[in-house]
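Asker: Let's see this in three dimensions:
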Amino acid sequence: MKINIKATNIELTPAIKAYIEEKIGSLKKFIRVRDPDSTQAWVEVGMTTRHHHSGNIFRAEIQFRLPRFDKGIRTESNQSDLYAAIDVARDRMKRELLKIKGRKMSLVKRGARAIKNLIPFLHE
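Answerer: Okay, the predicted model is just below:
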């Protein structure tokens, strides 16, 4: 999986980059594709503005583009800590990927069930 990282209004340090690659790379196990290199993730981290009264607000946005999937999947999080924003966005993305996987599995099971119901009619 290829991970593209963009930083807005903050400096992208090697520690932040390694943290993002570790967290987003762990989502690879929820994606079942034949060619893992065809899956791309775009991650954007940054501060929304520099002049909040309540302190800094950090934003993390994750977008996935999966092969043979019509649209991309996108999650976003705003938190007071950059690492917390990344974690929350990752958890939301995991939930979305599991939802898609569940839909695909239910479709396969429905098809198998329909075929199984037709088999007794073929033996008569």
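Asker: what sits against residue 49?
Answerer: If you count contacts by Cβ atoms under 8 Å, 6 or more residues apart in numbering, residue 49 has them with 9, 57. (Glycine included, C-beta is placed from N, CA and C.)
Asker: and it, how far is that from residue 88?
Answerer: From residue 49 over to residue 88 the distance is 19 Å, taken as Cβ to Cβ, to the nearest Å.
Asker: So which residue is smack in the middle of the chain?
Answerer: Nearest to the geometric centre of the chain sits residue 93, at 3.7 Å (Cα atoms, centre = their mean).
Asker: What does the pLDDT read for that residue?
Answerer: Listed pLDDT for residue 93 reads 92.
Asker: got the contact list for it?
Answerer: Neighbouring residues of residue 93 by Cβ under 8 Å, 6+ apart: 27, 62, 64, 73, 75.
Asker: what about it, distance to residue 64?
Answerer: 7 Å.
Asker: Rank the helices and strands of the chain by mean pLDDT and give me the bottom one.
Answerer: Least confident helix or strand, the chain: helix 82-122 with a mean of 82, by mean pLDDT, DSSP states H and E.
Asker: just how off-centre is it within its chain?
Answerer: Chain-centre distance of helix 82-122: 14 Å, with Cα atoms, centre = their mean, to the nearest Å.
Asker: Which of the contacts of residue 93 fall in strands?
Answerer: 62, 64, 73, 75 (DSSP state E).
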